[in-house]
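> Sequence and predicted structure below; questions after.
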Amino acid sequence: MCLAVPGKVLRIEERDGTRMASVDFGGVVKEVCLEYVPDLRVGEYTIVHVGFALQRLDEDSARRTLELFENLGLLEEEFGDPWRAAEAEQRADGVPQPGDAPREVRL
Amino acid sequence: MKYIEEFQDPELAGKLLDDIHATVTRPWALMEVCGGQTHSIIRHGIDQLLPEELELIHGPGCPVCVTPLELIDKALEIASRPGVIFCSFGDMLRVPGTGRDLFQVRAEGGDVRVVYSPLDALALARENPDREVVFFGIGFETTAPPNAMAVHLAAREGLRNFSLLVSHVRVPPAIEAIMNAPHCRVRAFLAAGHVCSVMGTEEYPELAERHRVPIVVTGFEPLDILEGVRRAVRQLEAGRATVENAYQRAVVPQGNPAARAMLAEVFTTTDRGWRGIGVIPDSGWRLAPRFEEFDAEHRFSVEGITTREPAACRSGEVLQGLLKPHECEAFGTTCTPRTPLGATMVSSEGACAAYYLYRRLGGTTTAPLEASTVD
């Protein structure tokens, strides 16, 4: 129910006094109500739930978050505790540690 | 699709996991509030990748699951009536009421329709002026604004044959109830991202401070969940308890002002019973008095309902995080998605359904069984 997915706004029109858009979800196009995000523009991404745009998807923010993940560990290497860093590396190499959870990336 | 695959990247997941492993020094229990997050966690095996000190407790954020049995029975009764078109989201169809479900009502001749949006129900009301169109309005703060809009539009158009059977619920009072429960083990919350897309984050700092519990607004893709966990653990290890937003691409502090204004216009807060949990004060919305004529409970008098839960179903404990689904004796034996005892086994956000779907039987997993049927 709270599952909402990002989609790209293709076309916007007024219909019976309601602001509607055609939104592309990776090939599937659906009609979406824009009343709650009226300033959305064609080409922008939005989070859609049960046929309503609920929030603009901020592409800059998404990119920054991914960059943060990308750089994760760099600061730690520079300033962090070398023993903990070594432990983390061993874990990353798959060397079992006491108390290690099963580690198998299946994402 | 943009910003779905990117947030499933295994290499970045590894970095986040390494950071979490390097941060954790002692046991912590975290609750993910939203059932959509539970499904993501179990589907991707995220809980099994985390340090064993970390336990993810599955929260009550499955709207289908917490809809009170009495209201399901009312829905079944109204849907059975001649002249009614009863509209619902798909995952309500197999939710067991006392003795039957909407699927059976349809098989017995009731006009039950599955809709994608409340606007579809509104269109049915326009097309069928001689029929009563009832929409089963369930859901958290995410779903309430679309349903509020349907009522607002019905009022504007003077559509007298449309009504809403309302069972909306709110997250903050549920967090309060969980923290006040005896033997509460939850030390941090991953708050439901899309609830906050609507409501923003303003309701949470007071809760975080008063209960000394970190609350991290979290998204739904694997990297989102890992980042939520990472931030929560950093706070716990540092002895902090604040609200953080780990889902900034879809959540701003003030939420969605237009949606919040519509909620304030159409609904008013009310005490609400949560199936398997009980009444939580001020935890729901009902239609405001000026929209009473669109309230299906007001329009259809439904009397004499006696509810009965199957004794073997322990979904209440599952919803409160006291029991993992596979620890229930009925799980996978007398209770399956095709023959569910409780709503947690049928809903696309139910914890029992997630464990069943991804073959999480006693803590082991194999590849997803019917992955394509989720989401």
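Great, that's in hand.
> Count the neighbours of the nearest residue to B:Gly90 once chain neighbours are set aside for me.
Closest residue to B:Gly90 apart from its sequence neighbours, by C-beta to C-beta, 6 or more residues apart in numbering or on different chains: B:Val114 at 4.6 Å. In this view, the C-beta of every residue, glycine as well, is placed from N, C-alpha and C. Number of residues near B:Val114 (other C-beta atoms under 10 Å in any protein chain shown) recorded here: 14.
> what's the answer for the one 4 residues further on, then?
Under the neighbour criterion other C-beta under 10 Å, B:Pro118 is assigned a count of 30.
> Low-confidence stretches in chain B?
Applying pLDDT under 70 to chain B flags residues B:1, B:361-375.
> Next one: the residue of chain A found nearest chain B, what pLDDT does it get?
The nearest approach of chain A to chain B comes at A:Gly51, 2.8 Å away (C-beta to the nearest C-beta). In this model, A:Gly51 is scored at 96, pLDDT.
> who's in contact with it?
A:Lys30, A:Glu31, A:Val32, A:Cys33, B:Tyr116, B:Ser117, B:Pro118, B:Leu119, B:Asp120, B:Pro146 (C-beta atoms under 8 Å, 6 or more residues apart in numbering or on different chains).
> Out of the residues you listed, flag the one nearest to B:Thr23.
B:Pro146 (38.6 Å; C-beta to C-beta).
> picking that back up, most neighbours of all the contacts of A:Gly51, which one?
Busiest of the contacts of A:Gly51 [other C-beta under 10 Å] is B:Pro118, holding 30 neighbours.
> The closest residue to it other than its chain neighbours: neighbour count?
Closest residue to B:Pro118 apart from its sequence neighbours, by C-beta to C-beta, 6+ apart: B:Ala150 at 3.8 Å. For B:Ala150, the neighbour count with other C-beta under 10 Å is 28.
> Wasn't B:Ala150 part of a helix?
Yes - per DSSP: H, G, I helix; E, B strand; the rest coil, B:Ala150 lies within a helix segment.
> is it true that it touches B:Leu159?
No - the pair B:Ala150 and B:Leu159 fails to qualify as a contact (C-beta atoms under 8 Å) at a distance of 9.6 Å.
> what is in contact with the two at once?
B:Leu122.
> Flag every buried residue along stretch A:52-72.
Neighbour counts over stretch A:52-72 (16 or more other C-beta atoms under 10 Å in any protein chain shown) mark A:52-58, A:61-62, A:65-66, A:69, A:72 as buried.
> actually stretch B:38-55, not the one I wrote
B:38-51, B:53-55.
> What of stretch B:238-246?
B:Ala241, B:Val243, B:Glu244, B:Asn245, B:Ala246.
> Keep only those residues that also lie close to chain A.
Counting by C-beta under 8 Å from any C-beta of the partner chain, the subset of the buried residues of stretch B:238-246 that neighbours chain A is empty.
> Now intersect these with the strands, please.
B:Val243, B:Glu244, B:Asn245 (DSSP state E).
> for those residues, which one is nearest chain A?
B:Asn245 (9.9 Å).
> Who is the closest one paired with across the strands?
B:Val217 (DSSP bridges).
> And it, how far from B:Ile78?
40 Å (C-beta to C-beta, to the nearest Å).
> can you check B:Ile175 too?
Taken as C-beta to C-beta, the span from B:Ile175 to B:Ile78 is 32 Å.
> Excluding sequence neighbours, find me the nearest residue to the residue in chain B that chain A sits nearest to.
Relative to chain A, the nearest point of chain B is B:Ser117 (2.8 Å; C-beta to the nearest C-beta). Nearest residue to B:Ser117, sequence neighbours excluded (C-beta to C-beta, 6+ apart): A:Gly51, at 2.8 Å.
> same thing with B:Ser163?
That would be B:Ala296: by C-beta to C-beta, 6+ apart, it lies 4.1 Å from B:Ser163.
> Quick check, B:Val229 in contact with B:Leu50.
Yes - using C-beta under 8 Å, B:Val229 is in contact with B:Leu50, at 6.6 Å.
> Find residues that contact each of the two.
Common contacts of B:Val229 and B:Leu50 (C-beta under 8 Å, 6+ apart): B:Ile20, B:Leu56.
> So which of the contacts of A:Gly51 sit within strands?
Filtering these for strands - DSSP E - leaves A:Lys30, A:Glu31, A:Val32, A:Cys33.
> Between which two of the buried residues of stretch A:52-72 is the distance greatest?
Top of the distance list for these (C-beta to C-beta): A:Phe52 and A:Leu72, 34.3 Å.
> Let me know the outermost residue of chain B.
In chain B, the greatest distance from the average C-alpha position (C-alpha atoms, centre = their mean) is reached by B:Asp130, at 33.7 Å.
> filter the ones in strands among the contacts of A:Gly51 by proximity to chain B?
Okay, of the ones in strands among the contacts of A:Gly51 touching chain B (C-beta under 8 Å from any C-beta), that's A:Lys30, A:Cys33.
> Could you verify my assumption that B:His21 touches B:Pro51?
Yes - with contact defined as C-beta under 8 Å, B:His21 and B:Pro51 form a contacting pair (5.3 Å).
> any common contacting residues for these two?
What both B:His21 and B:Pro51 touch, as defined by C-beta under 8 Å, 6+ apart, is an empty set.
> quick one: the helices in chain A?
A:59-71, A:74-79, A:82-92 (DSSP state H).
> pull the CA atoms of the longest strand belonging to chain A into PDB?
In terms of residue count, the longest strand belonging to chain A (DSSP E) is strand A:5-15. Extracted in PDB, the C-alpha atoms of strand A:5-15 (Å, rounded to 0.1, in the frame of the first residue of the first chain):
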ATOM      1  CA  VAL A   5       7.300   4.100  -7.500                       C
ATOM      2  CA  PRO A   6       9.100   6.800  -9.400                       C
ATOM      3  CA  GLY A   7       7.900   7.600 -12.800                       C
ATOM      4  CA  LYS A   8       8.700  10.200 -15.500                       C
ATOM      5  CA  VAL A   9       6.100  12.800 -16.500                       C
ATOM      6  CA  LEU A  10       5.400  12.600 -20.200                       C
ATOM      7  CA  ARG A  11       2.400  14.900 -20.700                       C
ATOM      8  CA  ILE A  12       0.200  17.200 -18.600                       C
ATOM      9  CA  GLU A  13      -3.400  18.200 -19.100                       C
ATOM     10  CA  GLU A  14      -6.400  19.500 -17.200                       C
ATOM     11  CA  ARG A  15      -9.300  17.000 -17.200                       C
END
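> which residues are in contact with it?
With C-beta under 8 Å, 6+ apart, strand A:5-15 has contacts from A:19-25, A:29-30, A:32, A:34, A:40-48, A:57, B:1-4, B:250.
> Generate a ChimeraX selection restricted to the buried subset of those.
Remark: buried members of the contacts of strand A:5-15, expressed as a ChimeraX selection using 16+ other C-beta under 10 Å:
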select /A:19,20,21,22,23,24,32,34,40,44,45,46,47,48,57 /B:3,250
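> Who are the contact partners of the residue nearest to B:Glu309 when sequence neighbours are not counted?
Distance criterion C-beta to C-beta, 6+ apart; nearest residue to B:Glu309, sequence neighbours excluded, is B:Leu69 at 6.3 Å. Going by C-beta under 8 Å, 6+ apart, B:Leu69 touches B:Gly97, B:Thr98, B:Arg275, B:Thr307, B:Glu309.
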